[in-house]
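Enquirer: fold the following for me, if possible:
(chains A and B)
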2 protein chains.
Amino acid sequence: MTTSWQDRARQKREAILAAIPPEWVIKDRPSIEEQRDVTGEYIRGFLSEREVEITETDAEKIVDKTTTGAWKAEEITRAFCHRAALAHQLLHCLHEIFFDAAIESARSLDAYFAEHGKPVGPLHGLPVSLKDQFHVKDVETTMGYVGWIGTFEGKVGTGKEKVFESEMVRELRNLGAVLYCKTSVPHTLMAGETTNNIIGYTLNPKNRNLTAGGSSGGEGALIGIKGSPIGFGTDIGGSIRIPAAFNGLYGIRPTSGRFPYQGMANSMDGQNTILSVVGPLATTAGSLRLMTKAILSQQPWLHDPMVHEMPWRDSHEQGISTILNSTGSSEGGKLCFGVMPTDGIVNPSPPIRRAIDIVVKALRSHGHEVVDWNPPSHRAILDEAFKTWDFDAGSDLKSSFALSGGADASTSRQLRCAAKALLRQRDIGGEPLQSSLRGPRQDQKSILPVTEVDKDIDVVDVEYTPLDERDKICHESYDPSIYDGAHVGVQLVGRRLQEEKMLAIAEYVGKIVGK
Amino acid sequence: MTTSWQDRARQKREAILAAIPPEWVIKDRPSIEEQRDVTGEYIRGFLSEREVEITETDAEKIVDKTTTGAWKAEEITRAFCHRAALAHQLLHCLHEIFFDAAIESARSLDAYFAEHGKPVGPLHGLPVSLKDQFHVKDVETTMGYVGWIGTFEGKVGTGKEKVFESEMVRELRNLGAVLYCKTSVPHTLMAGETTNNIIGYTLNPKNRNLTAGGSSGGEGALIGIKGSPIGFGTDIGGSIRIPAAFNGLYGIRPTSGRFPYQGMANSMDGQNTILSVVGPLATTAGSLRLMTKAILSQQPWLHDPMVHEMPWRDSHEQGISTILNSTGSSEGGKLCFGVMPTDGIVNPSPPIRRAIDIVVKALRSHGHEVVDWNPPSHRAILDEAFKTWDFDAGSDLKSSFALSGGADASTSRQLRCAAKALLRQRDIGGEPLQSSLRGPRQDQKSILPVTEVDKDIDVVDVEYTPLDERDKICHESYDPSIYDGAHVGVQLVGRRLQEEKMLAIAEYVGKIVGK
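Expert: Sure thing, here's the model as predicted:
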C-alpha cells in the first residue's frame, strides 16, 4: 500500500528530530506564550559556559582562533551542533541534520592542523549552515517538497541522489568550513515566510509570534539564535534580506555572477530575467566580508561559467575605508546617501520609520550628506517582476507539489505570500558620492540591523491616512504589543558588483548606529 | 494619397545615393560578371595615391598618426568617405551617409589639436562605421524596415527621432572618433546574409557572387573593401563572426556585459536568454585591441548597468604574450588548443578544412599542443537557441514589417536564412593550457582570416558521404568556380571575459599563418 503524503512528511519530520542526540532533546518545550523570546538567557540555560562562549563568537573571530590553533574545530563544531539542535526544537528551522559527518570532518581538520601546523584554509573549522538548496554528499535535498523525499530534485534514478555536491559546497570544503545542517525553506521558495508540509512553520527566535522571514527563513532563525555563526541563503526578491532583517542580522544579496549558483536546486530553473543569487547571512558585517573574500579566493569563475572573473578587490574596500576614516576631520571625507522613505506601495510602519531616522541622524552627525530620494512608485516594476516569476504559469511549482500525490499547498497562496513579504520590506538607498550616475539595475544590496520594536515608543500612528486598501491592511496589521522586541533593519543599496564597498559601508553604518 | 511601401523604400534608397557627392559617383558600374572582385587594384583606380595610402592604413597606425599630429582628421575622413561612397555603389552596404557632419567633426578635432597640442582621446580622428542599430543625432535608424523610416524604432512622436544617441556613440565621440556612415543589416537582424527592401542585397567585395554575410553584413563589406578602418557590429548567433569571416577580417564577439548595448535599436527586445552583444570588426587584431581598450577606458559600467566593472587588464594580455614570446625557446612556453573538426550538423567544405589544417600545422610547428575536441553534435543546443529566438512567435518582427503596410518579407524565411548562416560557420576552439576546465558558456569568440578559396586546390570531395539531407545540400552548394577567391576564416573560442587574452592569441595566430 502506498504511504500517504502526510505519512511521508511525518516520517521525514521524525527522522530530522531523531538525528538529535538524546542528551540535547528539550524535555518540556515552552509554548510561545510562556517563552516568546528564546534567544539570550533562555537558550544559554541549556548550554555550558564554554558552549556559550564559542557560539556567541562571530565567524571572523572563530577563524582567528582556529587558523592559529587556539581553538579546535571539533569543540567548535559540537557547540554549534548543540545550539542548532536546540534551535530546531524551538523554531523548526532545520531540514537536514548531519552532526556526525560534521564532527568527523572537524576531526580531520584538527588532525591536519596538528600534522602541518597550519590551517586547511581561511575558514578552517568554521561551521557553516546551508539553505536546503545546496546539495551535500550523503544528505537529502527536499526544498520542503514531500515529493522530493528520496529523490534528486524530484527525479529518481539520476545517480546523483546523496552523491552530487553543489559547487559552493566543494569550495567551502576546500576552504576548511565544517558543514553540519541544512536549513528550512518555504516550498516554492517564493515566499517571505518559511513553512512547508515537512517541518511546519519556522518561528522568529527573538519573538516567536512572528515569522523568521523567507525564503532563507531557516538560516535567519538559526543564525538569529546563534545556532550558526554564518550561513548561506539565496535571494531573488528579498529571500536573504527579509530573514536577515527579521532576525537582526547582516546579510548581503550579492550581484548576479559574483558567487557560484552552479549545481544548486532551485525553483523555476530557466527563468533568467531576474536571477536568484546565493549569499551569506551572519551576525557581523566582518563575517560577511570574510566569507566573500574566501569564496572569491576559490576562483569560482573557473567552475561556474555564470560567475564573472572578478577577485576580491582590496583597493575598492580601501577607497571607501579611507573616506570613512577621514570623516569629520579637516579633510572632510564624506559619502552621500539617498534615503527612500517609501516605495509608494505600502508606507513603513512606526518602528521602521524610526529605524530610518536613526540611520539618517547617525550619518548626518558623522558628517555625511543625506538626500531624499523619491523614485516613482515601485508598483510598475513589482508587477513586471511578478510576471517574470509567473512566466511558466506555475507549472514548475505545481509539478513539484504533484510529485507527492496530494500535498498541494496552493501555489497561488505561496505567490501571494511572496508579494506580502516584498511589501514588508523598506529600503534605504546608500551610494558613494563619487558615483553620481544611477542605473536601473542596482543589484548589490545588504541588510544591517538597527534597532528593535519598542511598544512604548513605536505606537500606532492614529492620524495615518492609508494610500489604498492594501496599505490600510498593512497599517492595521501593526500591533505594538505583538511586535514588541522584534528586530528592525534597513537595506543599503549600491551599484552592481560593489560588494567590497558596500560591505565596508554596512560595517561602518552598523558601528555608528551602535550595532 | 498614401505613398506605397515600395515608393517609400525607393525614396530612401535614392536619398542615400543622393548623399554621395557627384564627383564620387561611379558612372559605369561594372556587372558582377565584368568585375567579380572589386577590392585592391579595381577600387584603387578611383582614388588618389594619398587616399589609397590613408584608407589602406589600419586603425592602430591611423591613431599613431593623428594623436601625434602627423595626419589631420579631415584628410583621413575625406579619404574614407570617398572609399565608402564607392563601396556603397558597388556593394549596397550603407543605410545612412553623413559625410558633411563627419567632416565638420573632423575639423573640430583638428582645431582642438592645433589649439591644445594634444589629441581629444585615443581614437582622435579615427573614422568608425556603425551598424544601423546605433542611434546617431541628426541621422535616421531604419534597421532595414521600410516602416521605421521617419520614426524612432517604428514609433512616432517619441521626441527621440534624430536626437537620441546610443551610449556607445557618446563614448566614441568622447574618444575622438569620427562617425560618418551607418551600415546595412538584414531586416529582423536574424540572418547570416544582408538584404532588405530599402538597399537590396549587400555583396561581398572580394567575390560579388557571394554574400558579405550578416547580420553585420554592411560592416563586413565596407571594412572588407577598406571603406572603413574599423566598425561596430552586433552578434547574437554569429552576426559579427560571419561577416568578419566572409570578408577576411578580424572580428570579436565580446562577452555579454563587456561593451555597452544601452540605447541601441534591436530586434526582440526583452529576449534575454541569449543576449546580443556589440563588438568591433577591423582589418587587424591590433585595431580590435585599440578599440576594446578605448571603450573600456570610458568606464561604460557607469552608464550601462548591464556592463560589468572590468577595465582592460594589461596583466591578462601580458600573461599570454609572455607565453607566446617564449614559444620554442628552452623554457618551452606553449598553449594548448582544442580543434573541433565538425559541429555534427554540417561538415566543413574543402577550403574550410584546409584553413583549419593551416592553423593546426602552424600551431604545431611553433611548439603548441593541439588536441582533438569532439563535443556532442550541436544539434540539440541549436534547436534550443532557435526556441529562444522564436519565443514571441515572431510578433516583434511581424509588427515591424506591418508598419510599412505591406513590405512583408517572410519572417520564417529570415529565420531560415539565420539557420543557414549558422550552419556555414566552422569553429576552431582555442584555449590556454593553464585553464583546464571548460564551462558550457564560452562566450568570448574571435574570428581571424586564414586563406582564400583556390578552385584548383579546394576541389569538390567526390567521395564525401553526407551526414543527412541538409549536409548533402550544403555539400552540393559548394562550387569551386563560384567560390574562387573568397575569404576563409576560423573562429577562436575562449572562456568568458577573456577578451585581453583572446585578442593576443588571435593576433599571434594571424601572424604565424601569415595574415
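
Enquirer: use CA for all of it now, contacts and neighbours both
Expert: OK.

Enquirer: got the residues of the stretch 251-400 of chain A near chain B?
Expert: A:272, A:273, A:302, A:303, A:304, A:305, A:306, A:308, A:309, A:310 (C-alpha under 8 Å from any C-alpha of the partner chain).

Enquirer: if we use 7 Å, what do you get?
Expert: Selection of the stretch 251-400 of chain A residues close to chain B by C-alpha under 7 Å from any C-alpha of the partner chain yields A:272, A:273, A:302, A:303, A:304, A:305.

Enquirer: any idea how far the residue of the stretch 101-250 of chain A found nearest chain B lies from residue B:234?
Expert: Chain B sits closest to residue A:167 of the stretch 101-250 of chain A, with a gap of 12.8 Å, by C-alpha to the nearest C-alpha. When distance is defined by C-alpha to C-alpha, to the nearest Å, residue A:167 is 33 Å away from residue B:234.

Enquirer: could you do residue A:200 as well?
Expert: Distance, residue A:200 to residue B:234, using C-alpha to C-alpha: 51 Å.

Enquirer: compare those two (neighbour count), which wins?
Expert: The residue with more neighbours, out of residue A:200 and residue B:234, is residue B:234; 28 against 17, by other C-alpha atoms under 10 Å in any protein chain shown.

Enquirer: who does the more buried one form a beta bridge with?
Expert: Here residue B:234 sits in beta bridges with residue B:278, going by DSSP bridges.

Enquirer: quick check: the gap between it and residue B:115.
Expert: Residue B:234 is 37 Å from residue B:115, by C-alpha to C-alpha.

Enquirer: ok, now residue A:148?
Expert: 73 Å.

Enquirer: same question, residue A:317
Expert: Using C-alpha to C-alpha, residue A:317 is found at 41 Å from residue B:115.

Enquirer: of those two, which one has the most company?
Expert: A side-by-side neighbour count of residue A:317 and residue B:115, using other C-alpha under 10 Å, places residue A:317 first with 18 against 9.

Enquirer: all strands of the stretch 351-500 of chain A, in order?
Expert: In the stretch 351-500 of chain A, the segments counted as strands under DSSP state E, counting those that start in this stretch are A:369-372, A:428-429, A:444-452, A:487-494.

Enquirer: return the member of these having the minimum mean pLDDT.
Expert: When mean pLDDT is averaged over each of the strands of the stretch 351-500 of chain A, strand A:428-429 scores lowest at a mean of 34.

Enquirer: quick check: which ranges of the stretch 401-515 of chain A have low pLDDT?
Expert: Residue ranges of the stretch 401-515 of chain A with pLDDT under 70: A:406-444.

Enquirer: ok, back up a step: just the buried ones from the residues of the stretch 251-400 of chain A next to chain B?
Expert: Buried members of these, scored by 16 or more other C-alpha atoms under 10 Å in any protein chain shown, are A:302, A:303, A:304, A:305.

Enquirer: got the confidence number for the third one?
Expert: You'll see residue A:304 listed with a pLDDT of 97.

Enquirer: tell me which helix or strand it sits in.
Expert: In this assignment (DSSP states H and E), residue A:304 forms part of neither any helix nor any strand.

Enquirer: hmm, it is touching residue A:262, no?
Expert: Yes - here residue A:304 reaches residue A:262: they are 5.8 Å apart, a contact under C-alpha atoms under 7 Å.

Enquirer: quick one on the thing from earlier: and the strands of the stretch 351-500 of chain A as JSON lines, adding mean neighbour count?
Expert: Output for the strands of the stretch 351-500 of chain A, formatted as JSON lines (neighbours: other C-alpha atoms under 10 Å in any protein chain shown):
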{"stretch": "strand A:369-372", "mean neighbour count": "15"}
{"stretch": "strand A:428-429", "mean neighbour count": "22"}
{"stretch": "strand A:444-452", "mean neighbour count": "25"}
{"stretch": "strand A:487-494", "mean neighbour count": "24"}
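
Enquirer: and the contacts of stretch A:292-302?
Expert: A:122, A:171, A:260, A:307, A:308, A:309, A:311, A:312, B:437 (C-alpha atoms under 7 Å, 6 or more residues apart in numbering or on different chains).

Enquirer: and which of those residues is nearest residue A:392?
Expert: Closest approach between the contacts of stretch A:292-302 and residue A:392, by C-alpha to C-alpha: residue A:260, at 24.7 Å.

Enquirer: the closest one is in contact with residue A:168, isn't it?
Expert: Yes - taking contacts as C-alpha under 7 Å, residue A:260 lies within contact range of residue A:168: 6.4 Å.

Enquirer: in stretch A:396-406, what's buried?
Expert: Applying 16+ other C-alpha under 10 Å to stretch A:396-406 flags A:397, A:398, A:400, A:401, A:403, A:404 as buried.

Enquirer: could you work out the most separated pair of these?
Expert: So, the buried residues of stretch A:396-406 by C-alpha to C-alpha: farthest apart are A:397 and A:404, at 12.0 Å.

Enquirer: any low-confidence regions in chain A?
Expert: Chain A contains residues with pLDDT under 70 at A:1, A:328-332, A:406-444.

Enquirer: repeat that for 50
Expert: A:408-442 (pLDDT under 50).

Enquirer: where do the helices sit along the stretch 351-500 of chain A?
Expert: Using DSSP state H, counting those that start in this stretch, the helices of the stretch 351-500 of chain A run over residues A:379-389, A:395-402, A:411-424, A:469-477, A:480-483, A:499-512.

Enquirer: so which of these gets nearest residue B:96?
Expert: Distance to residue B:96, taken as C-alpha to C-alpha, is lowest for helix A:379-389 among the helices of the stretch 351-500 of chain A, at 36.3 Å.

Enquirer: quick check: buried residues in that closest one?
Expert: For helix A:379-389, using 16+ other C-alpha under 10 Å, the buried residues are A:385, A:389.
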